[in-house]
Structures are given as C-alpha cells and as structure tokens.
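1. Next input, structure requested:
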Amino acid sequence: MIRVEALCCGYDKKDVLKNLSFHLKRGEFAGVLGPNGSGKSTLLFALSGVLPIRSGSVRINGKEISRISMRARARQMASVPQKPEISFSFKCLSIVLMGRYPFLSGWGGYSALDVEKALEAMARTETLHLAQRMITDVSGGEAQGVLIAKALAQETDILLLDEPTSSLDVARKIQVFDLLKQKNSENTTILCALHDLNLAALYCDRLIFVKHGKIVLDGSTEETFNDENLSEIYETDVRVSRHPVTGSPQAHFVPGFKAASSVHGHVLGRREPVSGGNSSDYG
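-> Numbering: from 1, shown residues only. Predicted coordinates for the structure are as follows:
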C-alpha cells in the first residue's frame with residue numbers, strides 16, 4: 001500500500017530523513033515513535049506529498065506519489081496535522097465538508113450525501129455540537145477533533161496522523177484511538193506519529209522508531225517494546241510491564257535524579273544519562 005525506499009528529504013539544505021525504507025501493508029496500524037527532532041513529522045509531510053522528496057521514492061498502491069494528482073491523492077489518503085494553524089473563520093461543519101472536496105464533480109457544490117457524510121464524521125468524533133460554531137472560536141482540542149472528523153469524512157483507505165491527540169485530555173485520547181482502532185478493523189491503513197509510548201503500545205500493531213532521521217527499529221509491538229530497546233532509543237532508564245486489563249506492554253520511566261554527597265554537604269538534582277547521550281540529541 002505504501003512503499004518507501006531510500007527516502008531523503010528535509011528543509012533548506014539540510015536532510016532530516018536519511019535513507020529511510022519501509023513497507024506499510026494494507027490494514028496495518030503502525031505508530032512512528034522517537035525522540036524530539038527525530039523526523040517523525042517530516043516523514044508524514046513526505047508521505048502526504050507536502051514536502052518534496054530529494055532522493056528515493058514514495059509509492060502509494062504501486063504509483064510514485066509525484067505522479068498522483070492532488071485530487072487523486074486526496075481520494076486515497078487523509079492527513080491530520082500536529083498543530084493546525086487555523087486563521088480563517090469558517091464554521092466547523094464547513095471545515096469537515098472540505099474532506100468531501102475530492103469527490104466534487106465540476107462546479108457543483110456539496111451534495112446532500114456529502115453533508116450526511118460530514119455530519120456522520122462529526123457524530124463519530126463527538127464534535128457535532130460544534131457544527132455551527134466558527135473554528136477560530138473553539139479550543140485547540142476541539143479544533144483537533146474537527147480536523148479528525150474532516151479526515152474521516154474523506155473516507156480514504158489510508159490515514160496519516162501527526163500527534164492527533166496532543167491537545168486532548170486522557171478520556172478524549174482514548175475515545176479518538178478507540179475510533180481509529182475501529183476504522184483499522186474496517187481495513188483502513190493507519191500511520192500515526194506519537195510521543196505517547198503507552199498509547200502507541202495499546203493501539204498500534206507495529207512500531208517504527210526513528211532517531212536522527214533514520215529508522216533504528218521496526219517491528220511488531222510485542223517484538224520492539226521492551227526495556228532494552230526503549231532505554232537505548234530514548235537514552236533514559238525505561239522498564240516495561242504488562243497492562244493489567246489488556247496485557248499490552250507499558251513503559252515506566254525511572255527517575256534519574258540522584259543525591260551525591262560531597263565534603264561540604266549534599267548536592268541534589270544531578271542527572272546522569274544512562275547511555276551517555278548528548279543533551280543536544282533531544283532537539
């Protein structure tokens with residue numbers, strides 16, 4: 001479904017992604033994880049066609065992404081950005097209806113079916129009560145929910161999401177990921193960039209870890225989510241145990257503050273990196 005080979009891309013003259021290769025099969029629910037500045041968002045920009053590719057290739061259903069028109073691409077993939085910057089004043093329903101744009105014919109407006117699909121998506125994301133409110137007047141979390149509804153209204157086979165729940169409280173995060181899991185059970189392929197390791201382990205079947213612009217680990221959640229791997233990638237002490245209800249692996253971060261004694265007393269707050277990481281790596 002999505003095949004990435006030797007992908008290199010970035011901003012200005014700097015490559016952020018360096019020789020990335022992976023294949024995402026139909027129906028997979030994969031999480032992209034890694035420290036800040038590792039290239040997670042850049043990868044999603046490249047896959048969605050927003051960021052030009054310098055070398056390598058991205059193929060969607062066997063076709064090079066640069067050869068797919070924007071409208072045809074929007075019929076196959078929907079994207080939810082990490083930090084939506086919305087400065088224009090539209091009603092939330094109008095925003096969700098934009099997800100139906102790829103299906104408009106000629107100069108015709110939105111059909112009754114388009115409106116029905118948009119309202120259904122808002123109901124599924126519990127944003128229906130925002131339909132007549134201006135997007136600029138709702139909270140960041142509410143706006144994020146509206147953009148997720150827009151992506152669902154597109155009815156694509158592929159969903160690309162960049163930190164889709166970063167502005168949401170715990171209950172809303174679970175609600176959104178329950179919905180994504182349901183979409184995945186309907187054979188929707190999902191690639192989601194996340195910082196929340198435990199949320200990823202609860203819902204994703206596959207984890208792709210990116211660091212310094214390269215894939216350092218790729219495999220099933222059960223294979224990859226362990227003490228050694230997480231401690232090495234995040235350069236801090238991580239312990240993994242099982243979720244008491246689902247049995248999914250869950251990460252626990254060990255505080256690194258230690259008390260050091262000296263001739264003149266005690267010095268608190270000194271943190272020693274577990275694996276000798278450089279603080280600049282966290283960018």
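2. hmm, who's touching the strand or helix carrying E5?
-> Here E5 is covered by strand 2-11, with elements defined by DSSP states H and E. When contacts are defined by C-beta atoms under 8 Å, 6 or more residues apart in numbering, strand 2-11 is touched by residues 15-24, 42-43, 45-47, 51-60, 62, 158, 189, 191, 213. Every C-beta, even on glycine, is put in place using the N, C-alpha and C of the backbone.
3. can you tell me which of the residues you listed are in helices?
-> Counting by DSSP state H, the part of those found in helices is T42, L43, F45, A46, L47.
4. ok, the third one to L161 distance?
-> So the one you mean is F45. 13 Å (C-beta to C-beta, to the nearest Å).
5. More neighbours: the two, which one.
-> L161 (24 against 21; other C-beta atoms under 10 Å).
6. Checking the more buried one next. Helix, strand or coil?
-> Counting by DSSP: H, G, I helix; E, B strand; the rest coil, the backbone at L161 sits in strand.
7. Let me see the ranges of the strands in the protein.
-> Listed in chain order, the strands of the chain (DSSP state E) span 2-11, 14-24, 29-33, 55-60, 63-64, 77-80, 158-162, 189-193, 206-211, 214-220, 238-242, 249-253, 257-262, 265-271.
8. want to throw the ones you listed into CSV with distance to F88?
-> Output for the strands of the chain, formatted as CSV (distance: least, C-beta to C-beta, whole Å):
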stretch, distance to F88
strand 2-11, 25
strand 14-24, 29
strand 29-33, 29
strand 55-60, 29
strand 63-64, 32
strand 77-80, 18
strand 158-162, 20
strand 189-193, 25
strand 206-211, 32
strand 214-220, 37
strand 238-242, 42
strand 249-253, 39
strand 257-262, 46
strand 265-271, 44
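9. Select from the ones you listed the stretch with the lowest mean pLDDT.
-> Lowest mean pLDDT of those: strand 265-271, a mean of 33.
10. Could you list the low-pLDDT ranges of this protein?
-> Residues of the chain that meet the criterion pLDDT under 70 lie in 84, 257-283.
11. returning to that earlier point: so what strands line up beside the strand holding E5?
-> As defined by DSSP bridges, the strand partners of strand 2-11 come to strand 14-24 (antiparallel), strand 55-60 (antiparallel).
12. what's the neighbour count on the closest residue to L230 other than its chain neighbours?
-> Once flanking residues are discounted, L230 sits nearest to V238: 4.0 Å by C-beta to C-beta, 6 or more residues apart in numbering. Residues near V238, counting by other C-beta under 10 Å, number 21.
13. Test my guess that V238 contacts A251.
-> Yes - counting by C-beta atoms under 8 Å, A251 is a contact partner of V238 at 5.3 Å.
14. who touches both of these two?
-> Once C-beta under 8 Å, 6+ apart is applied, the residues that V238 and A251 both contact turn out to be L230.
15. remind me, longest helix of this protein?
-> helix 170-185.
16. gap between that helix and the chain center?
-> For helix 170-185, the separation from the chain centroid amounts to 13 Å (computed by C-alpha atoms, centre = their mean, to the nearest Å).
17. next one: stretch 223-236
-> Its chain's C-alpha centre and that of stretch 223-236 lie 20 Å apart, by C-alpha atoms, centre = their mean.
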